[in-house]
Every structure is written in structure tokens, then in C-alpha cells.
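> following is a predicted model, sequence given first.
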Amino acid sequence: MRTDSSPGNLPAREHIPAGSAGTPVLDVVIPVYNEEKDLQPCVMRLHEHLKRTFPYEFRITVADNASTDTTPQVAARLDAEIPEVRSFRLEQKGRGRALRTVWSASDAPILAYMDVDLSTDLNALLPLVAPLISGHSDLAIGSRLARSSRVVRGAKREFISRTYNLILRGSLQARFTDAQCGFKAIRRDVAQVLLPLVEDTGWFFDTEMLVLAERAGLRIHEVPVDWVDDPNSTVHIVKTATDDLKGVWRVGRALATGSLPLDRLARPFGDDPRDRELTDVPKGLARQLVGFCVVGALSTLFYLLLYSGFRTFSGSQVANALALLVSAVANTAANRRLTFGVRGRGGAVRHQAQGLVVFGIGLALTSGSLAALNAATTNPGHSTELAVLIAANLAATVLRFLLFRAWVFPDRRDEPASPVGAVRNPASPTYSTAAPQQYPGQPPYQGQQQYQGHQQYEQFRTEQFHTDQFRAGEAADRTYGDATMQLEAVRPYDDDPNPRNAR
């Protein structure tokens, strides 16, 4: 599992204004392999729909996955005849490879893809990308399993799809409903940071991207779709299912070991009043309390079982100490990962040592309770001992949570962090942490008198993109080089006299 990514957190989501002429807001990618018959009707139908219903500039990109028929010629002809269509050829197969290559090179702020069979009703396209354009969400997916979706497909595919999504929910705790619907979109600033973490180059690409995005806390918007199965689909079900299960195992192992830097995908709070910081309320307190209570309840049950077992061959004090020791180690490990979200092996030994100190405090409290009980009663019953220990453990649990939160796993998010400007850096294929770069002719956005400079800046950006050359092999092999087009901050121009930017 790859762990390289660009440094720094993602900036706050912002509404994407209508682009200037020649700069599309939406880039729809259609990955194809030997689709010489279906490609032209698909592109023509999609182009007509976007022309009629989509209020922004758009582009349709045909990503040919090493086709061996006349698909490349059909794509090239569409590229030449329709201004909004471009074709791209890869010499290696793999839908994930095609999407990563084209998305990494695109200059559109919203990136989408759909299958060439157009099984999904195109009326869902605008609802799919609208939350991304408005800045509400980071990714959007079409769902065939939503309650209001209308789906026509055979029992076999229905069973496989629902079984696969149940596996994702059970193994990777996925909360999205449909991982494999070929109808998805993502913001380009998110794609630039997320795609380098995605390892798969085939059909599991979608699932891996969604799982990592969800685990990183990104917002995924789901759109119910109307979907009609393509009976002529060339997807090899058995091989695809096998590869998907291997991918589930690989991603699950990487998440369990904490080898992915998902914190670099974190978003700052938005404008929702529920997201605003409240004074005197610790961050994440409610979530941590719930997690700690769940872990504590399981730990208490585990402790009582251990105590009952140890009590059969030892005294109450020895049984209590042994049960507390074993359950304390398990409790610290569980709280470290589940309650306070600490991943990886870094600091694990120190955390366990601090946990043992907390354990010592709990041992003193429970042992003192047992000593008081024995002093008060000559021969207390087993049920009485358990009742006293439960009460003592409840008191120790409150103290343990406070110590864990303030000392063992303190919240470091209040520490100042250097701002990250997502700017283009010619010397590096990743983000730059320097101040935003001034381009030739770029206006400082101070009013209508700067509009002429703004036009020069937009012309410079367009020319700069078209002069950048990239090699598909680099992006497909994950070296990325010049294949990654860098994000430039988009700001609305309040005084822009251009009517195209006001729609």
C-alpha cells in the first residue's frame, strides 16, 4: 500500500464559479476497451444532454484502455468533429489506471466518469455534480441501492452487488451504499491528494478511493439513480469479484496498521453552524465518550470473565490484579485505536506504559475497595465481591477517561499549523507550502479596473495548461511527473463585468 501524498491538509471547500471560455468546469471521462460500436452513440447522446441541460462549460474525454479494434479511430474522429470532446490513448488496460491518468492531467475543477453503456439515466448527472460545484461535498456517487432508485437487472447481478456491499460494510465499515456503480464524480483538489494513495488500477479502484475518502472524513454525496443493466457487458464477474476481495483484504490490512497518512486529507470546518467551534467544549468529546463507553463496557465484561477464571485457583487480590493487568493492556490498545484515533505503531510502547500507570491507579482503587469489604465482612460472598468491584470499576473508569484524554492521548489539533497554499510549483509535482504564486498579469481582485489583467491571467493559465505535456506511462506507473496538473485557487470575481461569469 502506497503512503506517498502531497503534504498538508486540504483547503476549505468553495463554490466553483462559471469558468472562462475554453476552461471547462466539468470533465466527464468515459473509459473504454473495444467499444467501437457503442462509443459514438454514447458520446453523441451525452454531448447532446450536456449541451441542453448543463449550465457550465464541459468536456467529454474518451480514455481508451489499449483497445485492439477500431475504438481509437472512432475516438479520434469524435475528437476532431466535436469541440467539447477529446480522446486519450493508454497502452495498458485498467479502468482505474485510465481514470487516474486522465483525472491527474485535467484542468477542470470537477471530474466525473461514467460507463460507455450509459446504463445510468443521464438526468442524474447534474444532481451528481451540483454538490461538488457548490462546495458542499468532496465526492459524489450514483447509488442503485438507494430506496428511491429504480433498477432493472438480473437476479445474479443483483445478488453479487448486494453481497459485495455487505462485505464492504462488514469488513471495512463502509457507510456508502453502492461502491461499483459506474457513475461518480470528485473535486479536482481532492483527487490530487487522494489518487496517489489509491493503489488499484482495475475495477477495485472505485471502492478503494471511496473507502479511503470516507475514512479520512471527506463528505460523499449519494444520488439515487435509474439504472438498466447492459446484457452485453464484457465484465468478467468471477475475476472481478476475486480481485475485489483481494483489494478488500489489502485495504483493510493497511487501515488496521495505520500505514496510510489519511490525516492529510482532512478538511477544515465549514460554514455550517454545527461545525463552528464552541467555547469551553472540548473537540470530539461526544464521540470519544461514546467510543470510550463501548470499549469500557467490553473491557469490564472481559475483566469479570478473567477475574472469575483466576479466582478459581487464587485469592481475590491476586485474581483482581491479574484480571486488571490483562484487561488494561487490551483496553489501552482498543481506546488508542478506536476512541482517540491513534494509528500506527509510533508511540505504542509509551502509550501502554502510561496506560499501566492508569492501571495502577485503578488497581489501587479496586484493591482498596476489596480490602474495605474484607475488613467489614469476615467471609464475603462471590456476588458481593463482584458488586463492589463493579462500583469501584465505574469510579476508576471515569478517572481513566480523564487521564487518557488529558495525558495519554492529548488532543494536538490546537497546535498552530503552517497554512498550505495549493499553488502550482514548476519545480515539484506536489503542492507547495509557500505563499500563493503571482502569475504574469494576475490581478489582485480589487475591482473592475483590474479586469483586463484578469483576462491576461486567464489566457496565461489556458496557454500554460495546453503547453504542459504529460506521458501516460508516468501516470499509469504512479511516478506522476508532469502528469499531475496542480490545483490553482479559484476565487469568485465580485466585480467581474463578464456576463459569462455571472451565470
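Yep, that arrived. Numbers count the residues shown, from 1 in each chain.
> please, where are all the strands along the chain?
Using DSSP state E, the strands assigned to the chain run over residues 26-32, 58-65, 85-90, 110-114, 139-143, 150-152, 183-187, 220-224, 226-228.
> of all these, which one is nearest L363?
Nearest of these to L363, taken as Cβ to Cβ: strand 220-224 at 44.7 Å. All C-beta spots, glycine's among them, are computed from the backbone N, C-alpha and C.
> take the strands of the chain and write them to TSV, including distance to S308.
As requested, the strands of the chain are exported to TSV (distance: least, Cβ to Cβ, whole Å):
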stretch	distance to S308
strand 26-32	59
strand 58-65	61
strand 85-90	63
strand 110-114	57
strand 139-143	48
strand 150-152	52
strand 183-187	52
strand 220-224	45
strand 226-228	55
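> out of those, which is closest to G360?
Nearest of the strands of the chain to G360, taken as Cβ to Cβ: strand 220-224 at 43.9 Å.
> returning to that earlier point: N331: which of the strands of the chain is closest?
N331 lies closest to strand 220-224 among the strands of the chain, at 32.2 Å (Cβ to Cβ).
> any chance of the strands of the chain in CSV with mean neighbour count, mean pLDDT and distance to L370 as columns?
Formatted as CSV, these follow (neighbours: other Cβ atoms under 10 Å; pLDDT from 0 to 100; distance: least, Cβ to Cβ, whole Å):
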stretch, mean neighbour count, mean pLDDT, distance to L370
strand 26-32, 25, 95, 67
strand 58-65, 23, 94, 69
strand 85-90, 20, 93, 70
strand 110-114, 24, 95, 63
strand 139-143, 24, 95, 54
strand 150-152, 14, 88, 62
strand 183-187, 26, 95, 58
strand 220-224, 20, 94, 51
strand 226-228, 18, 89, 63
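> what's the closest of those strands to V290?
Nearest to V290 among the strands of the chain is strand 220-224 (22.0 Å), distances taken as Cβ to Cβ.
> paired strands for the closest one, with orientation please.
For strand 220-224, the paired strands and their directions (DSSP bridges) read strand 139-143 (parallel).
> got the CA positions of the strand it pairs with in CSV?
Extracted C-alpha coordinates of strand 139-143, given in CSV (Å, rounded to 0.1, in the frame of the first residue of the first chain):
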residue,chain,number,x,y,z
LEU,A,139,-17.1,13.2,-3.9
ALA,A,140,-20.4,12.1,-5.3
ILE,A,141,-21.6,8.7,-6.4
GLY,A,142,-24.7,7.2,-8.0
SER,A,143,-26.4,4.6,-6.0
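> compute the inter-axis angle for it and strand 110-114.
Orientation of strand 139-143 against strand 110-114 (axes from the mean of the first three to the mean of the last three Cα atoms, to 10 degrees) gives an angle of 20 degrees.
> now strand 139-143: how far from the chain's centre is it?
Here strand 139-143 shows a centroid-to-chain-centroid distance of 12 Å under the convention Cα atoms, centre = their mean, to the nearest Å.
> now the phi/psi pair for the nearest residue to R153 once chain neighbours are set aside, please.
Nearest non-adjacent residue to R153, counting by Cβ to Cβ, 6 or more residues apart in numbering: D229, 3.4 Å away. Reported as degrees, to the nearest 10, the phi and psi values for D229 are phi -60, psi 140.
> now D229: how far from L172?
Per Cβ to Cβ, to the nearest Å, D229 is found 26 Å from L172.
> higher neighbour count, those two?
L172 (20 against 15; other Cβ atoms under 10 Å).
> residue contacts, the more buried one?
211, 248, 251-252, 255 (Cβ atoms under 8 Å, 6 or more residues apart in numbering).
> so K93 is in contact with S67, correct?
No. The criterion here is Cβ atoms under 8 Å, and K93 misses it with S67 at 9.1 Å.
> and G217, how far is that from V62?
Relative to V62, and taking Cβ to Cβ, G217 is found at 34 Å.
> show me the helices in the stretch 251-400 of the chain, by range?
Ranges of helices in the stretch 251-400 of the chain, per DSSP state H, counting those that start in this stretch, are 285-311, 316-334, 348-376, 382-403.
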